[in-house]
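A.B. asks: Predicted model and sequence below, questions to follow.
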Amino acid sequence: MNWSGEIEALKSEYISILDFPLVSDCSIDICTKESTTLRLSVSAAGWTIENIERRDGNLSEELERLIGRRYEDAETALKLVSPAFVRDWQDILIQKLVSVQSES
């Protein structure tokens with residue numbers, strides 16, 4: 001099955017806060033503000049962290065344990081890897097809520 005629609009939706013949602021150096025039909029490399037690159041793959045079973053690399057080469061045991069784990073959505077995986085993503089994601093959510101509130 002081709003999962004490029006899921007990949008493109010993730011890219012378009014977070015293009016302002018993440019970099020995407022490599023994209024294929026069923027996987028995506030995401031570079032966080034902490035200079036951590038993770039490869040996520042998507043399938044009918046969910047999003048799997050295939051690999052995590054840090055620019056400085058220091059990968060904590062906590063991050064190593066995430067490799068191979070599967071999540072319902074990409075955001076959950078990103079929140080576990082990137083504190084900056086958590087902050088940015090919360091800011092985006094607040095902006096959307098304020099926008100909905102002001103439309104009412």
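C.D. replies: Noted; the coordinates are in hand. Residues are numbered from 1 along each chain as shown.
A.B. asks: all strands for the protein, in order.
C.D. replies: All strands of the chain, identified by DSSP state E, fall at 19-23, 27-31, 36-43, 46-54, 70-71.
A.B. asks: Can you list the strands that the fourth one pairs with?
C.D. replies: The partner list of strand 46-54 in its sheet, established with DSSP bridges, is strand 36-43 (antiparallel), strand 70-71 (antiparallel).
A.B. asks: Next, the buried residues of the first one.
C.D. replies: Applying a neighbour-count criterion of 16 or more other C-beta atoms under 10 Å, one finds 36-42 buried in strand 36-43. C-beta here means a position set from N, CA and C on the backbone, and glycine is covered the same way.
A.B. asks: Looking at those, which one is closest to Glu75?
C.D. replies: Leu40 (10.5 Å; C-beta to C-beta).
A.B. asks: Show me the helices in the protein, by range?
C.D. replies: Taking DSSP state H to define them, one finds helices in the chain at 4-14, 61-64, 74-81, 83-103.
A.B. asks: deepest of those helices, which one?
C.D. replies: helix 74-81 (a mean of 20; mean count of other C-beta atoms under 10 Å).
A.B. asks: can you list the residues that contact stretch 87-102?
C.D. replies: 17, 33, 75, 78-79 (C-beta atoms under 8 Å, 6 or more residues apart in numbering).
A.B. asks: rewinding a little: can you redo the helices of the chain as CSV with distance to Pro21 and mean pLDDT?
C.D. replies: What follows is those, written out as CSV (distance: least, C-beta to C-beta, whole Å; pLDDT from 0 to 100):
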stretch, distance to Pro21, mean pLDDT
helix 4-14, 11, 91
helix 61-64, 18, 94
helix 74-81, 15, 96
helix 83-103, 16, 92
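A.B. asks: So which of the ones you listed is nearest Thr48?
C.D. replies: That would be, of those and by C-beta to C-beta, helix 74-81, which comes in at 8.3 Å.
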